[in-house]
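Peer 1: Sharing a model that was predicted from the sequence below.
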Amino acid sequence: MPKVSKRADKTIASPIRKFLPLALEAEKKGVHIYKLNVGDPDIPVPADFWKGLRSYKFKGVGYAPSPGIREHTQAWIQYYSTFGVKLEVENLLPTIGCAEAIMLSLLVMCDPGDELIVFEPLYSSYKSFATMAGIKLVPVTLKVEDNFELPSESFIRDRITKKTKGIVLVNPNNPTGTVLTDKEIRMVVRIVKSKNLFLLSDETYREIVFGVKPRSVFQYPEARKFGIVVDSVSKKFSGPGLRIGSIASFNKNIMWAILKFAMARLSAPTLEQHALIPLLKHPRKYTGPITAEYKRRKNVVYSALKKIPGVVCREPQGAFYIMAKLPLENAEDFVRFMLVKFRHNNKTVMVTPAEDFYITKGKGRSEIRIAYVLNTTDLNDAMKVFGAGLEAYTRMKSRK
């Protein structure tokens, strides 16, 4: 038998999805699982999406243009204008979800063997995409005890080598729920400008922030020459299965390269581009209520975690995730325990172990990510089950 490629061998299984077989087995036995592992919220997509879909007038569903359906692209431009960023049609291209936008960005910024500076913990797909593209991610480790704040400018500069091509920001952050301050963004912009590097800013959760205004690196004029912004409708409109994202840059060379890649993959989905036009044109109508709901959910989870002895966490400022350090050695073993052995009134909870959100080996072994994607009633019960499970696991380990 021929062997698969080295890149295939080295690509990690998603830490968010790899426990699905255990969950399915538990569900076969009638166990109710509160799934707090995947960023797949129970909030319905806005009704105007379905209206937009029904207004599709053509009998066939042909390829969309590689640069995107013009009305859809213009709707993205109108969306960006709501927070003071003026783009032109040639500055933005719709993608097949933010995942494709990330992948295309990495391919544009780097050749095999090049390096990107990232802040860990980070969204695990960056690790997979980097492996697939032959790119080395150079981690700067952030700590929950420090609220995942960025280190000093000199510390980041010390990680830059001749092979460094750029810096990646995920803001608001998945998996930590933190939001970068104006000072932190200005520091990173200053670094990329002085070192002639790319700046990739993943702003998927831009509107889902608590107590601060939505922010983009494009609001910093000095970042526009170096910046690439990737985005998605998945979270802001609660439609992760719609698979529409975008990639934007003021740099014409970047966008021409992106367009060539886009031609190779043909096009983003036609029907979804059409149906999302009204949502992108009037985003606050939808993102305001969605954000308010996530704030309520955040309060439930954070309050519950603070009451559990030995748990270390910080209050999220955005997105719909929280990272927590648990009083145990192996969070992956704990997740397995919850799915295979623990039952509380025939219920259990599924969260994500955090080790694979890190690049540095051994980091995050005692940490988990919770996605507060369920309604507050279910979350209240889920956190009671979680607390009982952690207590049972700790008691079991102490007897061994």
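Peer 2: Great, that's in hand. Source: prediction; values computed, not measured.
Peer 1: now the helices: where do they sit in the stretch 301-400 of the chain?
Peer 2: 331-340, 376-399 (DSSP state H, counting those that start in this stretch).
Peer 1: How about the stretch 51-200 of the chain?
Peer 2: For the stretch 51-200 of the chain, applying DSSP H, counting those that start in this stretch gives helices covering 70-81, 97-109, 125-133, 153-157, 182-195.
Peer 1: And for the longest one, what's in contact with it?
Peer 2: When you say that, I think you mean helix 182-195. 149-150, 153, 156-157, 160, 164, 166-167, 169, 171, 197-199, 215, 217, 220, 222-223, 225-226 (Cβ atoms under 8 Å, 6 or more residues apart in numbering). Every C-beta, even on glycine, is put in place using the N, C-alpha and C of the backbone.
Peer 1: switch to 10 Å and redo it
Peer 2: Contacts of helix 182-195 with the rest of the structure, by Cβ atoms under 10 Å, 6 or more residues apart in numbering, involve 117, 119, 149-153, 156-157, 160, 164, 166-169, 171, 178, 180-181, 197-201, 212, 215-217, 219-227.
Peer 1: where does the protein have low pLDDT?
Peer 2: Counting by pLDDT under 70, the chain shows low-confidence ranges at 14-16, 400.
Peer 1: mind running it again at 90?
Peer 2: 1-19, 213, 397-400 (pLDDT under 90).
Peer 1: Show me how the record splits it into domains.
Peer 2: Taking automatic domain parsing as the reference, the chain has its domains at 6-44+285-395, 60-282.
Peer 1: mind giving me a markdown table with those domains and columns for distance to residue 50?
Peer 2: Shown next, in a markdown table, are the domains of the chain (distance: least, Cβ to Cβ, whole Å):
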| stretch | distance to residue 50 |
| --- | --- |
| domain 6-44+285-395 | 10 |
| domain 60-282 | 8 |
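Peer 1: Nearest to residue 53 among those domains would be which one?
Peer 2: domain 60-282 (4.0 Å; Cβ to Cβ).
Peer 1: first vs last residue of the closest one, how far apart are they?
Peer 2: By Cα to Cα, to the nearest Å, the extent of domain 60-282 from end to end equals 28 Å.
Peer 1: That one: how far from the chain's middle?
Peer 2: Here domain 60-282 is found 10 Å from its chain centre; the criterion is Cα atoms, centre = their mean, to the nearest Å.
Peer 1: Tell me which of the helices of the stretch 51-200 of the chain is the most buried.
Peer 2: Mean neighbours per residue, mean count of other Cβ atoms under 10 Å, is largest over these for helix 97-109, with a mean of 24.
Peer 1: Quick check: the residue nearest to residue 141 when sequence neighbours are not counted vs residue 179, distance?
Peer 2: Excluding its sequence neighbours, the residue lying closest to residue 141 (Cβ to Cβ, 6 or more residues apart in numbering) is residue 120, at 5.5 Å. With distances taken as Cβ to Cβ, to the nearest Å, residue 120 is found 17 Å from residue 179.
Peer 1: Just the buried ones out of the contacts of helix 182-195, please.
Peer 2: Neighbour-count burial (16 or more other Cβ atoms under 10 Å) applied to those gives 117, 119, 150-151, 156, 160, 164, 166-169, 171, 178, 180, 197-201, 215-217, 220, 223-224, 226-227.
Peer 1: and the closest residue to residue 70 other than its chain neighbours, what does it touch?
Peer 2: In this structure, residue 70 finds its nearest non-sequential neighbour in residue 89, 7.0 Å apart by Cβ to Cβ, 6+ apart. Contact analysis of residue 89 by Cβ under 10 Å, 6+ apart lists 67-68, 70, 73-74, 76-77.
Peer 1: so how far is residue 211 from residue 89?
Peer 2: Residue 89 sits 34 Å away from residue 211, going by Cβ to Cβ.
Peer 1: just residue 291 next, same as before
Peer 2: From residue 291 to residue 211 the distance is 11 Å (Cβ to Cβ).
Peer 1: of those two, who's got more company?
Peer 2: In this view residue 291 and residue 211 are compared by other Cβ atoms under 10 Å, and residue 291 has more residues nearby, 19 against 9.
Peer 1: For that one, grab phi and psi.
Peer 2: Residue 291 has phi and psi values of phi -60, psi -40 when expressed as degrees, to the nearest 10.
Peer 1: What sits closest to it if chain neighbours are left out?
Peer 2: With Cβ to Cβ, 6+ apart as the criterion, residue 291 has its nearest non-adjacent residue at 5.2 Å, and that residue is residue 208.
Peer 1: Report the contact partners of the one you found.
Peer 2: 172, 177, 179, 214, 235-236, 287, 290-291, 293-295, 298, 316-321.
Peer 1: Surely residue 228 forms part of a strand?
Peer 2: Yes - assessed by DSSP: H, G, I helix; E, B strand; the rest coil, residue 228 belongs to a strand.
Peer 1: May I ask you to confirm that it is in contact with residue 201?
Peer 2: Yes - between residue 228 and residue 201 there is a contact under Cβ atoms under 10 Å: 7.1 Å.
Peer 1: shared neighbours, these two?
Peer 2: 105, 168, 217, 248.
Peer 1: Thought residue 129 was touching the first one, still the case?
Peer 2: The one in question is residue 105. Yes - at 9.1 Å, residue 105 counts as touching residue 129 under the criterion of Cβ under 10 Å.
Peer 1: excluding its backbone neighbours, what's nearest the residue nearest in space to the middle of the chain?
Peer 2: By Cα atoms, centre = their mean, the chain has its centre lying nearest to residue 174, at 4.4 Å. Using Cβ to Cβ, 6+ apart and skipping the chain neighbours, the partner closest in space to residue 174 is residue 123 (4.8 Å).
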